[in-house]
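[1] Kindly return the folded structure for what I paste below:
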Amino acid sequence: MFMSRMLEEIRQQPEALERTLASEMRRAEKFKRIVEKRRPKLIVLAARGTSDNAALFGRYLLEITTGIPVSLAAPSIETLYKVHVNYSDALVVAVSQSGESTDTNLILEHARERGALTLGITNESGSSLAKLAEHVLLVRAGKERSVAATKTYTGQLLLFYLLAYALGGRIRPDDLARIPEAVRGALALEDEIDALSERYRFMRYAVVVGRGLNYSNAFEFALKLMETCYVVAERFSSADFLHGPIALVEPSFPVFAFAPPGVTWDSIGGTLDKLRTLKAEIVAISDSRNREVEARATRTVRLKSKLKEVLTPIPYIVPAQMFAACLAAKKGLDPDQPRTLNKVTLTL
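    As a prediction, the model looks like this:
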């Protein structure tokens, strides 16, 4: 099999996560003391691309664990419509792998000028974003060379856990320390996933379904299929999927689902039941606690870890990343250099 940088960087994630947690906990503790005196009434997250998918996770995590309302910024409101948004009493968080996303940085700069507390999440300590933000949490992933972001995505998710902790959320650092080992367990499935990807060599269309904390993973998995494998991949909440898009499903149509046990399982499981009646081909990503998933899915990628649902998004995305990297190789594509894409994209 062609050994892409993407696959190499996927394998580097346990160590990258351990470095990030070890180095950034101190910054999180410092930020915790700051927000105890200046607690935000609103959180606004600004990002693009894969970082936007990480921000979508951040929205769910922060609202669930802290109760503070969270909004995803629409950059064009500032960059195109020239509207001066009132950010007083808000925490504005900009998320960017490179730290050089033009519109994301502009939102951060304007927010700081208008009285917001600002935080940057990036993999580049010397970036424009790191200089613009009052406070910074750094992904310690090392240089990411593949255009397809993998280790920076999971690093950003980990930093959202630290942000939730700093804001007084129901997050225990000891629980976070279990995530890298769960990722190692996911990486052990590489041979199984490589074999599975062969079946989908000629796949052109797919749907990815998630709910709640794993909803962002549906977006991220679909993005990886689109940019590395040139598969038209739609992504939905399992609830939204039943409100119309399910009509596109026909026999053997490929559907990928994130199916952890927990509060989202009834919704996901009900959607899989409906898909089975339509004879869809369902690949579910789950773990050893969910005993019901195999009766509903055509194939199950089962992690051995037994993490709480709130901790599943990082290990659950790893099999999806490996699937995209392996499928690209099966299709004869280079996931490190997708056509028309660059590592840093500048937009306004």
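[2] pull the helix or strand with minimum mean pLDDT from this protein.
    helix 238-241 (a mean of 83; mean pLDDT, DSSP states H and E).
[3] For that one, which outside residues touch it?
    Contact with helix 238-241 is made by 207, 209-211, 257, 264, 267-268, 270-271, as judged by Cβ atoms under 8 Å, 6 or more residues apart in numbering. Quick note: C-beta positions are derived from backbone N, CA and C, even for glycine.
[4] pLDDT and distance to Ala164 for the residues you listed - can I get that in a markdown table?
    Converted to a markdown table, the contacts of helix 238-241 look like this (pLDDT from 0 to 100; distance: Cβ to Cβ, whole Å):
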| residue | pLDDT | distance to Ala164 |
| --- | --- | --- |
| Val207 | 96 | 30 |
| Val209 | 96 | 25 |
| Gly210 | 96 | 19 |
| Arg211 | 95 | 19 |
| Ala257 | 97 | 25 |
| Thr264 | 94 | 18 |
| Ser267 | 93 | 23 |
| Ile268 | 94 | 23 |
| Gly270 | 92 | 29 |
| Thr271 | 91 | 28 |
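[5] Got a quick PyMOL command for the buried subset of these?
    In PyMOL, this line selects whichever of the contacts of helix 238-241 come out buried by 16 or more other Cβ atoms under 10 Å:
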select buried, resi 207+209+210+211+257+264+267+268+271
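[6] Take the contacts of helix 238-241 and keep only those in strands.
    207, 209-210, 257 (DSSP state E).
[7] among these, which two are most distant?
    By the measure Cβ to Cβ, Val207 and Gly210 form the most distant pair in the ones in strands among the contacts of helix 238-241, at 10.8 Å.
[8] Return every residue with contacts to both of the two.
    By Cβ under 8 Å, 6+ apart, Val207 and Gly210 have these common neighbours: Arg235.
[9] Can you check the pLDDT for the residue positioned nearest the centre of the chain?
    In the chain, the centroid-proximal residue (Cα atoms, centre = their mean) is Ala54; its distance is 4.0 Å. Here the pLDDT value assigned to Ala54 is 98.
[10] Val310 and Asn214 touch, don't they?
    No - with contact defined as Cβ atoms under 8 Å, Val310 does not count as touching Asn214 (10.5 Å).
[11] Who has more neighbours out of these two?
    Counted by other Cβ atoms under 10 Å, Val310 and Asn214 do not tie: Asn214 has more neighbours, with 27 against 21.
[12] residues in contact with the more buried one?
    Taking Cβ under 8 Å, 6+ apart as the criterion, Asn214 is in contact with 258, 260, 264, 312-313, 316.
[13] can you tell me which of those lies nearest to Val183?
    Tyr316 (9.9 Å).
[14] what separates the closest one from Ala239, distance-wise?
    19 Å (Cβ to Cβ, to the nearest Å).
[15] Name the residue in the two with the higher neighbour count.
    Higher neighbour count among Tyr316 and Ala239: Tyr316, with 27 against 16, using other Cβ under 10 Å.
[16] what kind of secondary structure is that one in?
    Taken by DSSP: H, G, I helix; E, B strand; the rest coil, the conformation at Tyr316 corresponds to helix.
[17] could you list every residue that touches it?
    Residues near Tyr316 by Cβ under 8 Å, 6+ apart: 186, 214, 217, 258, 260, 285, 287, 303.
[18] Can you pull the phi/psi pair for the second one?
    The main-chain torsion angles of Asn214 are listed as degrees, to the nearest 10 and equal phi -100, psi 10.
[19] Offset the numbering so it begins at 47, please.
    From this message on, residue numbering opens at 47, which makes the last subject Asn260.
[20] What pLDDT is listed against it?
    Per-residue pLDDT puts Asn260 at 97.
[21] Please determine how far it is located from Phe282.
    Using Cβ to Cβ, Asn260 is found at 12 Å from Phe282.
[22] mind giving me the domain ranges of the protein?
    The record's domain split for the chain, according to automatic domain parsing, is 51-223, 227-376.
[23] quick one: the longest one to chain centroid distance?
    By that I understand domain 51-223. What separates the centre of domain 51-223 from the centre of its chain is 12 Å, taken as Cα atoms, centre = their mean, to the nearest Å.
[24] for the shortest one, same thing?
    In terms of Cα atoms, centre = their mean, the centre of domain 227-376 is set 14 Å apart from its chain centre.
[25] which residues are in contact with stretch 325-341?
    Contact partners of stretch 325-341, identified using Cβ under 8 Å, 6+ apart, comprise 242, 295-307, 311, 315, 318, 321-322, 342-353, 358, 362, 365-366.
[26] Mind checking which of the residues you listed are buried?
    Using 16+ other Cβ under 10 Å as the burial test, those include 242, 295, 299-307, 311, 315, 318, 321, 342-344, 346-349, 351, 353, 358, 362, 365-366 as buried.
[27] ok, longest helix in this protein?
    Criterion DSSP state H: the longest helix present in the chain is helix 59-83.
[28] which outside residues touch that one?
    Under the criterion Cβ under 8 Å, 6+ apart, residues 137, 163, 165, 181-188, 196-197, 200-201, 204-205, 208-209, 211-214, 219, 222-223, 225-227, 229-230, 233, 360, 364 lie in contact with helix 59-83.
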